[in-house]
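1. okay, sequence plus prediction incoming.
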Amino acid sequence: MSENERLELRGLKLGWNEQRTERLFATVQGRIERRKLLGRAALASAALLSALCLVLVGLRYRAHEGAAPVAHGDAPGVLRLKDGSLVEFDPSASELRVGEQSAARVQVELARGSAHYSVVPNTARTFEVHAGSVTVTVVGTEFVVERRGERAWVDVSHGKVRVSWGPEGADRTLLTAGQSGFFPPAALPASNPAAQATPVGDAESSEQREADAPGRAQQASQAYRSHVASRNYREAYAVLARNPALAGDTVKELLIAADVARLSDHPAEAVPYLQRILRDHARDERAPMAAFTLGRTLSGLGRTREAMNLFARVRSQWPNSPLGEDALLRQAEAASKLGDSASLARIAAQYDRDYPNGRRRAEVRRYARLE
């Protein structure tokens, strides 16, 4: 399977942007084969060395009706808006334009790439993110939007958002914490009447079916690969469900199968594929990413304790993984959901020791109720 057939993954949504989890994770699909995970971490680190990068890499802010965009923040790639909301992004891969910033409305256009939004709750004001034909409207929440042509991947971490598309936003849906998806949704291909037609006459013999089996298997494989390449996840999942052997045994194949399951809204079906990677390919360089993905998937399924243990495993089994800081933050989030104050205190202390100048320190301490 070629590189172009590799799925882009943002999501397990698990809802983190290029600067936090998605900086290392959400774009892993397609990049994992080109070993860009470490490269993206290096780019993000380089961006932190100089605020000048924020200007030079092409981030542009345009005022709406004369309102000046707010470009100050805690670090390059962090934009603090007038209402206190934060937008985090990878300046080398994303382009944002700030529009209206009034007491009633805030508008941000995502021209390309992906960004993570932490919106200050305010019932008197709406917050809109425009990505092509898609508009994401929130009141107060935390979510990721990734621009993919005229479509967008939306992944909600906390709260809920309304996603609208189509003429004048006539089509819309509501996403709550843990939910994600592509918008506008991909239209399912029309059924092939010829393929569905039932032969007239006697049923084919078992011998004939046996003789035709290799041909059917090849057709299924070609259909699966084609749907994967075109990112038609629902159809790819339908083929995979009828032909489980297509999941394969290699890390690449299993990651693709997991992505197909997750991105077609079957996250529980992704779990066995990711578990097989950890069981059979623990020494592969992509194993920590599979563990992190599994943790995010389990968290989205409400299996919080298991998710917390997976994030801990990322740090203990692969201590040099660039996902370590994000895994520790995810541990804190899971412990907070569980009300596990003892684990929270331990995680916060661990974070201070390992990342004394870490950018996620405030978030970890917030989960631990230390701030």
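-> All right, it came through fine.

2. just list what the helix or strand that contains Val145 packs against, helices and strands only.
-> Assessed by DSSP states H and E, Val145 sits inside strand 142-148. The contact analysis (3 or more CB pairs under 8 Å, 6 or more residues apart in numbering; DSSP states H and E) places strand 142-148 against strand 105-112, strand 114-118, strand 126-131, strand 134-138, strand 151-158. Backbone N, C-alpha and C define where each C-beta goes, glycine included.

3. tell me the angle the first one makes with strand 134-138.
-> Same thing as strand 105-112. Relative orientation of strand 105-112 versus strand 134-138 (axes from the mean of the first three to the mean of the last three CA atoms, to 10 degrees): 140 degrees.

4. what lies in contact with strand 105-112?
-> 64, 81-83, 85, 87, 93-101, 115, 117, 125-131, 145, 147, 152 (CB atoms under 8 Å, 6 or more residues apart in numbering).

5. one more time with 7 Å, if that's ok
-> Strand 105-112 is contacted from outside by 64, 81, 83, 85, 87, 94-100, 125-131, 145, 147, using CB atoms under 7 Å, 6 or more residues apart in numbering.

6. list only buried entries from the residues you listed.
-> Buried members of the contacts of strand 105-112, scored by 16 or more other CB atoms under 10 Å, are 64, 81, 85, 87, 94-99, 125, 127-131, 145, 147.

7. pLDDT weak spots in the protein?
-> Residue ranges of the chain with pLDDT under 70: 1-76, 139-140, 168-170, 178, 186-215, 371.

8. again, only using 50
-> Along the chain, the model assigns pLDDT under 50 to residues 1-23, 26-30, 36-37, 41, 44, 46-75, 187-206, 209.

9. can you give me the strands in it?
-> For the chain, applying DSSP state E gives strands covering 78-80, 86-89, 95-101, 105-112, 114-118, 126-131, 134-138, 142-148, 151-158, 160-165, 171-176, 180-183.

10. show me what the last one is packed up against.
-> In terms of contacts (3 or more CB pairs under 7 Å, 6 or more residues apart in numbering; DSSP states H and E), strand 180-183 is packed against strand 151-158.

11. circling back: distance to Gln350 added to the strands of the chain, as a markdown table?
-> Listed next are the strands of the chain as a markdown table, based on distance: least, CB to CB, whole Å:
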| stretch | distance to Gln350 |
| --- | --- |
| strand 78-80 | 24 |
| strand 86-89 | 23 |
| strand 95-101 | 33 |
| strand 105-112 | 34 |
| strand 114-118 | 23 |
| strand 126-131 | 34 |
| strand 134-138 | 32 |
| strand 142-148 | 23 |
| strand 151-158 | 22 |
| strand 160-165 | 32 |
| strand 171-176 | 31 |
| strand 180-183 | 29 |
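
12. nearest to Arg361, of those strands?
-> Shortest distance between Arg361 and the strands of the chain, using CB to CB, is found for strand 78-80: 13.8 Å.

13. buried set for that closest one?
-> Across strand 78-80, burial judged by 16+ other CB under 10 Å covers Val78, Leu79.

14. what packs against that strand?
-> Applying 3+ CB pairs under 7 Å, 6+ apart, we find strand 78-80 packed against strand 86-89.

15. in its sheet, what does the strand it packs on sit against?
-> Within its sheet, strand 86-89 is paired with strand 78-80 (antiparallel), strand 114-118 (antiparallel), according to DSSP bridges.
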